[in-house]
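> Any chance you can model this:
(chains A, B and C)
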Amino acid sequence: MTISSPLEYSLGELTEALGGEVVGDPSIKVQRVGTLENASLDSITFLTNDRFIHLLPRTRAGAVILSPLHRDATALPRIVCRNPYAYFARVSALLNPAIFTVPGVHASVSIAASAVIGARVSIGPNVVLGENVHLADGVVIGANCCVGNGTTLGNETRLYPNVTIYQGCRIGSRCILHSGAVIGADGFGIAIEDGRWVKVPQVGRVVVGDDVEVGANTTIDRGAIDDTVIEDGVKLDNLIQVAHNVHIGAHTAIAACTGIAGSVRIGRRCRIGGAVGIAGHLSITDDVEISAKTFITKSITESGIYSGGYPFEPNRAWRRNAAQIRHLDMLVKTVKHLEKRLAEIERKLP
Amino acid sequence: MTISSPLEYSLGELTEALGGEVVGDPSIKVQRVGTLENASLDSITFLTNDRFIHLLPRTRAGAVILSPLHRDATALPRIVCRNPYAYFARVSALLNPAIFTVPGVHASVSIAASAVIGARVSIGPNVVLGENVHLADGVVIGANCCVGNGTTLGNETRLYPNVTIYQGCRIGSRCILHSGAVIGADGFGIAIEDGRWVKVPQVGRVVVGDDVEVGANTTIDRGAIDDTVIEDGVKLDNLIQVAHNVHIGAHTAIAACTGIAGSVRIGRRCRIGGAVGIAGHLSITDDVEISAKTFITKSITESGIYSGGYPFEPNRAWRRNAAQIRHLDMLVKTVKHLEKRLAEIERKLP
Amino acid sequence: MTISSPLEYSLGELTEALGGEVVGDPSIKVQRVGTLENASLDSITFLTNDRFIHLLPRTRAGAVILSPLHRDATALPRIVCRNPYAYFARVSALLNPAIFTVPGVHASVSIAASAVIGARVSIGPNVVLGENVHLADGVVIGANCCVGNGTTLGNETRLYPNVTIYQGCRIGSRCILHSGAVIGADGFGIAIEDGRWVKVPQVGRVVVGDDVEVGANTTIDRGAIDDTVIEDGVKLDNLIQVAHNVHIGAHTAIAACTGIAGSVRIGRRCRIGGAVGIAGHLSITDDVEISAKTFITKSITESGIYSGGYPFEPNRAWRRNAAQIRHLDMLVKTVKHLEKRLAEIERKLP
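Numbers count the residues shown, from 1 in each chain, chains lettered A, B, ... in the order given. Presented below is the predicted three-dimensional model:
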């Protein structure tokens, strides 16, 4: 089994397929992608950022993808293009096509009689599909996945092994769900009554658009009454919690370990860092960037970058400084009082 | 497959079953629950909070559940009751009964000969039950679940697909465990010896009471020596870590992404927000509320609300303010010094 | 089924096997381990810390493991040794040997014809092994695990049920992977192009050394181009995110809910607390300790303890103090201005 593919492309073939300009010999062939540090002669690498330009003279790559700005930063054969990182992604996709999965249904599956299975579908061992599940053409279901009654999956959507989708959900086309993801579990709806919790049935669905990727062990809860909605092109990293009735706008990307509380509405094209928390019922407008570890406690109505991480320090310094936070309000009062006393003195003096 | 049930109840039937008072026509029938915004004429909605009262005039719901305080806030047929949210939960449970699962054991299961299976038990495809597992009456085990040797599950307890329970654990009655939950994995017990870690065998169990709900991908580790204990009525959201030998008191609810370190003792009826961290070996008394993202570093001996989130800001403002935290102790010293100098001047002046 | 083993050892047998010195009757036999509070007469307990010494007079244990410092702190039969906690770990391992798993391959597995299976391997129900998987001698694979094409597992490595390992990964010898762990899912590599995300194929592997333990529902992503590397003896707790191309040095231990962003390099023998976040592309040197809930935003080049948790308080005090953080930079300016005005006055006064 090889991870890298035995395919090869010349630089000329690449620019023909993907645009950009070859500088140097267009017949140079590449077989794999590599980092500036570790690429070999059969590899193509890329430069996106001045931060890594010092690595360029030392690379052993056969060719480089870079921007017009860095056109003359190397004598290696190269492809000059507007967006080297996206270009590199497309080159890598050509050199590393998705591992071919033989269409077919493994003998060990449990599929309800009412399930509808499209063309070219691949279903791995021990998969369980409930009543009225619909799989569109080209769907791939990894081993040991469970898909609940009435759930639908769009064209070419792929589930890696051990994904669970509860009943009644809709997943769009070309989605990728990684192992351990749980879609459509009950939202955390509980009502207090005489000191005990009464479960609020969660009768909404999870509705996921097209081209969405969901990371390993990420959870997206079904809506309490209305649906939880993930729009097209959203990218979710691992171990993210999306609570009931959250709505995430198209092309928003969220890094790992972030938790989004119930009924939060996030706009389009947002970029949310890792381990962010967003309190319930807030709205975040389009094009907002939130730094890692930030805790969002109010709605955000203007696009921009928002942050809230506490600065780390050597433990001893942290102890001293953090202890003062508990007296910060008092310190402000002290300073105000000093100001008054000082003004008083200044008044008295000539 | 329908998510909402075809059942219907008149307002009169509801108050007969659940208490409360009908204002308006008691023969009005409802078939489903709805939000104020999205309810249809066949739906019953609810109002708990003045914050949402502006939505009431626009609702298309057929009926509303509300408190005596809001009795006259609408002309719609309505049920007036003390606790509209809990009442709504009960109405929703009537309209959305748990999906009926046909009792029976799927042909693909692997069940040890010594396992004891109660009446009306439903066991899905590919389930694996170890030696001496006991399932009480009415237990439902979703597809692809694994239950380790000697573990017992009480009456009517339900495991959604892909739940793992290790050996020797006890789960009470009427519990709900969502997909990806892992109960009884080894606690993080390691001892350092000559620069390497030695594993400390984790020989305690996880003991879970009745009416406990465990969210998707939540982990509850077995005790190192004594047991990890979750008392009756505890509700845990998704992606929560409960470390070895934690003890959680009855009717405590904990939101997603919270991490509870080893040997923490949490009281009864606590409400713990999302992404909270609780450091090891602490005690938290009954009726404590902890806001989301708070880091608890000392035991809490008085009930009340505790918080510790860092305020977020636009990135530029955050940079300026956070930078000063590293000088906070110095600032306090500067202010004290100013006070002294000022007092000195005041003494000199008339 | 018993969790504790029916084995028994005399104190003399223990010191013969593990070193240390018996004080008291070496023929005293112990059958199980216990805590100071809950041990019974057939149990051996341990004391590591003055903090728990008040429990010693009340223990009902049959014997105690303690350090030379506490040699005379009890009259009970005891073993005196340099490192009581590690000693206790070894005694517990003797008394609680890993549950014996019958070698053999369950009838329900799906194993590719090209897979290579070593001696004394145990493979549970519904396990799926891809093409060219190699399992070394003594490997144990719990029920419902999936191992992707070309992945190799070293001697005596154990997967608990429901573990997923993607294609092309290498796991060393004597590793333990707990349920729900996902190894080798795609890293979060996306490039923006005309407002949409393009997936960057993740073609690196996950390479895990020997004696590594991975907690329940922890995720370790495959490298984007080069590999993600976990060196020997690393211990990872539950619900940890290890992003693509992270490198974790030997014998580092990381507590639950921590998130490590892409390309971070962590040194050897580090101890990282729970819910820590480490921003991308940083380096952390050897022997660094990071307190729980800290957010690391710069590389750490000197060993030591680093912290950054925000102090919690009763909600009302927190509100007052946290509100001032948004004015901290302004406060510093005010204080500087006061200093100037004060110096001016001091200059004028005699």
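> Give me the neighbour count for A:R60.
A total of 14 residues lie near A:R60 under the criterion other Cβ atoms under 10 Å in any protein chain shown. Any C-beta I mention is one placed from the backbone N, CA and C, and that applies to glycine too.
> Compute the distance between the residue nearest the centre of chain A and chain C, please.
Centroid-nearest residue in chain A: A:L236, 3.0 Å away (criterion: Cα atoms, centre = their mean). In this view, A:L236 and chain C are 9 Å apart by Cβ to the nearest Cβ, to the nearest Å.
> How about A:T164?
11 Å.
> Could you look up the SS state of the closest residue to that residue other than its chain neighbours?
Closest residue in space to A:T164, ignoring its immediate chain neighbours: B:S179 at 3.9 Å, by Cβ to Cβ, 6 or more residues apart in numbering or on different chains. Per DSSP: H, G, I helix; E, B strand; the rest coil, the secondary structure class of B:S179 is coil.
> Tell me the residues of the stretch 151-300 of chain A that contact chain C?
When proximity is defined by Cβ under 8 Å from any Cβ of the partner chain, the stretch 151-300 of chain A lies next to chain C at A:160-162, A:176, A:178-180, A:211, A:213, A:215-217, A:233, A:235, A:237-239, A:251, A:253, A:255-257, A:269, A:274-275, A:292-293.
> Please disregard the earlier target; I meant the stretch 1-150 of chain A.
A:1-4, A:32-35, A:37-38, A:83, A:85-86, A:88-90, A:92-93, A:96, A:99, A:106, A:108, A:124-126, A:142-144.
> before we move on, the earlier item: so of the residues of the stretch 151-300 of chain A next to chain C, which ones are in strands?
Among these, the residues falling in strands (DSSP state E) are A:176, A:213, A:235, A:253.
> Could you identify which of those has the most neighbours?
A:E213 (23 neighbours).
> mind listing what the nearest residue to that residue once chain neighbours are set aside touches?
Among residues not flanking A:E213 along the chain, A:I176 sits closest, at 4.6 Å (Cβ to Cβ, 6+ apart). Taking Cβ atoms under 8 Å, 6 or more residues apart in numbering or on different chains, we find A:I176 in contact with A:157-158, A:160, A:212-214, C:186, C:199.
> Kindly recompute the last result at 10 Å.
By Cβ atoms under 10 Å, 6 or more residues apart in numbering or on different chains, the contact set of A:I176 is A:98, A:140, A:156-160, A:211-215, A:235, C:185-186, C:199.
> Can you tell me which of those residues comes closest to A:D226?
A:V212 (19.0 Å; Cβ to Cβ).
> Could I get the phi/psi values of that closest one?
Taking degrees, to the nearest 10, you get phi -100, psi 140 for the backbone angles of A:V212.
> now A:K340
phi -60, psi -50.
> Also A:Q167?
Given degrees, to the nearest 10, the pair of backbone angles that A:Q167 has is phi -70, psi 150.
> is it true that it touches A:V147?
Yes - here A:Q167 reaches A:V147: they are 8.9 Å apart, a contact under Cβ atoms under 10 Å.
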